[in-house]
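> need coordinates for the below:
(chains A and B)
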Amino acid sequence: MHISEGVLSAPVLITGATLAAVGVSVGLKKMDYEKIPQVAVLSSAFFVASLIHVPIGPSSVHLILNGINGLLLGWMCFPSILVALALQAILFQFGGITVLGINTMNMALPGVICYYLFSRLVNREKKRISLTAAFACGLLSVFFSGILVALSLLFTEQSFIPVAKLIVVAHLPIMIIEGIITLFCVAFLHRVKPEVLGGIYGKAT
Amino acid sequence: MEKRHDSTMYLLILFFASILIMSTSLPVLAHKVIIFAWVEGNTVFTESKFSGGREATGAQVLVFDREGKQLLEGKTDNKGKFSFKIPKLTDLRIVLDAGMGHKAEWRIPESDIKEAGGVSEKKRAGESTQPINVGLSKEEIKELIEESLDRKLRPIVRMMTESQSKGPSVTEIVGGVGYIFGLMGVAIYFRNRGKKRHEVNREN
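Numbers count the residues shown, from 1 in each chain, chains lettered A, B, ... in the order given. Here you go, the predicted model:
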């Protein structure tokens, strides 16, 4: 899902970086004292998750965990993902510094979208609704990321639908796995710490 | 309040630690692609891999000269390999496009090609080909040496390719996580200072 350096043209990079900067500043505003450790933990989860390769499907795909990031952090997933991506770029040469903005954008925005779509549902008392929403959140966040990557490649690859199809198909196994992971996280948090799911929601809106 | 906070931390640390353990036991692989190229005789060989060792198959390889003009293009085979005859004596820029925004490149300077005897200029230049006492011309000896060197060096080249494509090490992973927590500390420090100042102001 990381776009390499030297693929995108300057306008795309600048647009991505600007949008990411807006997201990060919104996220930083929302990040109050008590939330900082949580942001850090989810950031490191994201950082490490990219190393877990899923050996199914035609291409090399890895976990992303932007769904659970978005679900638990809302807008704060922008700074969380930015930090993780910056470290991945420096330490592992995934992506790169010039594409940092657009990559952050591509992975954090779906998280925020999923936050608005699902956090209310995940909060429900009824287990079935809550867990289905969690699964959908994990699945759709990866799906949206794929669409955004295809969109950013639109200007270099000249075609949208085939590229988007290719990316989404390659990430199908990941989408399902992320859905399951998100589901288990939410189930676990519901049992042990329901405030983590609810508290943030109340605060961020 | 304080206690609640603690248990949240515990929970999330547990979650991320389990991921860390998983990541070290599974084959590490992620989204980075590498192309590696070397010259043997008058042919350039390339190998393309995703970091972690999986070959990039069916990926497009483009070859450019010094001025950025495209000389040729091709696709990697099912082992991620692609080779081509040296089209002309120039710096070569070999670009791999594995699709979905994955791109890598490798440069071969002109001198490498010359050394490897890529374009046999020497022959054309009519360098002295006096037979030495063994009955072999200088040229032939040179070629023989080069051939056997190529053969001997092949495993080393392969090793280099492999070390190039190794995934991130545990040190780097743990280091990265350390950075994140360091940043967390910095963030908490500044937030805390801001809060304290605020409180002091309020008291006054």
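
> do the lengthiest helix in chain B and chain A come into contact?
Across chain B, the helix with the greatest residue count (assigned by DSSP state H) is helix B:170-203. Yes - judged by Cβ under 8 Å from any Cβ of the partner chain, helix B:170-203 comes into contact with chain A at B:172-173, B:175-177, B:179-181, B:183-184, B:187-188, B:191-192, B:195. Bear in mind the C-beta positions are built from the backbone N, C-alpha and C, glycine included.

> please enumerate the helices of chain A.
Taking DSSP H, the helices of chain A run over residues A:10-30, A:36-49, A:66-73, A:77-87, A:100-122, A:127-157, A:161-170, A:172-192, A:194-204.

> before we move on, what about chain B?
Using DSSP H, the helices found in chain B span residues B:2-25, B:110-115, B:121-125, B:138-164, B:170-203.

> any idea which of those helices has the lowest pLDDT on average?
Among the helices of chain B, helix B:121-125 has the lowest mean pLDDT, at a mean of 47.

> next one, pLDDT for the residue most central in space within chain A please.
With distances taken as Cα atoms, centre = their mean, A:Asn66 lies nearest the centre of chain A, 2.3 Å away. On pLDDT, A:Asn66 comes in at 90.

> quickly check the residues of helix B:170-203 next to chain A for the two that are furthest apart.
Using Cβ to Cβ, those span at most 34.5 Å, a distance reached by B:Glu172 and B:Lys195.

> out of those two, which sits in the busier spot?
B:Glu172 (16 against 12; other Cβ atoms under 10 Å in any protein chain shown).

> chain neighbours aside, what residue packs nearest to residue 91?
In the absence of a named chain, this looks at chain A. Of all residues not flanking A:Leu91 in the chain, B:Glu172 sits nearest, at 4.6 Å (Cβ to Cβ, 6 or more residues apart in numbering or on different chains).

> actually it's chain B I care about, not the one you picked
Nearest non-adjacent residue to B:Asp91 (Cβ to Cβ, 6+ apart): B:Arg66, at 4.4 Å.

> residues in contact with that neighbour?
B:Thr90, B:Asp91, B:Arg93, B:Glu110 (Cβ atoms under 8 Å, 6 or more residues apart in numbering or on different chains).

> quick check, the residue nearest to the centre of chain A in contact with A:Asn106.
No - at 9.0 Å, A:Asn66 does not count as touching A:Asn106 under the criterion of Cβ atoms under 8 Å.

> now do the shared contacts for these two.
A:Ser145.

> the closest residue to B:Glu73 other than its chain neighbours and B:Leu92, how far apart?
Excluding the flanking residues, the one nearest B:Glu73 by Cβ to Cβ, 6+ apart is B:Leu62, at 4.8 Å. According to Cβ to Cβ, to the nearest Å, B:Leu62 and B:Leu92 sit 11 Å apart.

> give me the more crowded residue out of these two.
Higher neighbour count among B:Leu62 and B:Leu92: B:Leu92, with 25 against 15, using other Cβ under 10 Å.

> list the contacts of that one.
Contacts of B:Leu92 by Cβ under 8 Å, 6+ apart are B:Ala37, B:Val44, B:Val63, B:Phe64, B:Asp65, B:Leu71, B:Ile86, B:Arg107, B:Ile108, B:Ile113.

> do the same with B:Asn201
Per Cβ under 8 Å, 6+ apart, neighbours of B:Asn201: none.

> my read: A:Met105 touches A:Ala21, true?
No - counting by Cβ under 8 Å, A:Met105 does not reach A:Ala21; the two are 9.4 Å apart.

> neighbour-wise, which of these two wins?
Neighbour comparison, A:Met105 and A:Ala21: the larger count goes to A:Met105, with 26 against 15 (by other Cβ under 10 Å).

> contacts only, for the residue lying closest to B:Pro109 once chain neighbours are set aside.
Computed as Cβ to Cβ, 6+ apart, the closest residue to B:Pro109 that is not its neighbour in sequence is B:Asp91, at 5.4 Å. Residues near B:Asp91 by Cβ under 8 Å, 6+ apart: B:Asp65, B:Arg66, B:Arg107, B:Ile108, B:Pro109, B:Glu110.
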